[in-house]
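Chemist: What shape does this take:
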Amino acid sequence: MGMVELALAACFLVVILPMVSSSSEGSKEIDQWLQELTHAKQKVTHLHFYLHDIFSGRNPTVVEVAQSNMTHSSPTLFGLMNVMDDPLTEGPESTSKEVGRAQGFYGSSGQKEMGLLMAMSLVFTTGKFNGSSLTILGRNPAMEPHRELPIIGGSGVFRLARGFAALKTYYYNASNGDAIVEYNVAVIHY
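Modeler: Okay, here's the model as predicted:
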């Protein structure tokens, strides 16, 4: 069995199998939520926080996991893959209160201009959204000062979420790749 087949089998075991063999307790909770959904009204929630993408130091929050043969000769680092577990904070300072984590991966997917394909969950760890998450999947033209990413789903409070995240680079260190990005999120949910 090759690496691709092993990866697909692992995905099946981690993602599909638990859905097939879920407990009746979880099923009852979902059934009740779906019944209440028919009477629920949509809400719009605005969130504001900062993402700290740190490559440097003793405790980096993002690491390189793969690259192509041409990555380091490419002006856009085409083919580079990174995995992240970045803190989300109330303010731009590293000492600001942490409100969650951005967990996922991104790859350099542009050959002619810098563009990242981002797949991540914004996992909230405090306040009324504690335990809930939002899922982002889309292209991030990272060198642009302002950009927008789609929110395609969520969990917990944010079940059936959709919306967008407006991003603005607050700080970027070109020598080591560290960045702090301001997020303004508008999300529709029930």
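
Chemist: Can you check my assumption that residue 28 lies in a helix?
Modeler: Yes: under DSSP: H, G, I helix; E, B strand; the rest coil, residue 28 sits within a helix.

Chemist: So what's the residue count around it?
Modeler: 10 (other Cβ atoms under 10 Å). The way it works is simple: take the backbone N, C-alpha and C, and place the C-beta from them, glycine included.

Chemist: before we move on, what about residue 101?
Modeler: Number of residues near residue 101 (other Cβ under 10 Å) recorded here: 20.

Chemist: so what's the closest residue to it other than its chain neighbours bridging to?
Modeler: Once flanking residues are discounted, residue 101 sits nearest to residue 123: 5.0 Å by Cβ to Cβ, 6 or more residues apart in numbering. Residue 123 forms beta bridges with residue 101, residue 133, as assigned by DSSP bridges.

Chemist: my read: residue 123 touches residue 98, true?
Modeler: No: applying Cβ atoms under 8 Å as the test, residue 123 and residue 98 come out as separate, 11.1 Å apart.

Chemist: Compare these two and say which one has the larger neighbour count.
Modeler: Legend: neighbour count by other Cβ under 10 Å for residue 123 and residue 98, higher for residue 123 (21 against 15).

Chemist: could you pull out the strands for this structure?
Modeler: Counting by DSSP state E, the chain has these strands, from start to end: 43-53, 62-66, 81-89, 98-108, 116-124, 133-140, 146-155, 162-172, 179-189.

Chemist: in this protein, which residue is closest to the centre?
Modeler: residue 120 (2.1 Å; Cα atoms, centre = their mean).

Chemist: Tell me the predicted confidence for that residue.
Modeler: You'll see residue 120 listed with a pLDDT of 98.

Chemist: Tell me how many other residues surround the nearest residue to it once chain neighbours are set aside.
Modeler: Distances taken as Cβ to Cβ, 6+ apart put residue 104 closest to residue 120, at 2.8 Å, once the chain neighbours are dropped. Per other Cβ under 10 Å, the neighbour tally for residue 104 reads 19.

Chemist: ok, residue 104 to residue 137 distance?
Modeler: To residue 137, residue 104 is 9 Å away according to Cβ to Cβ, to the nearest Å.
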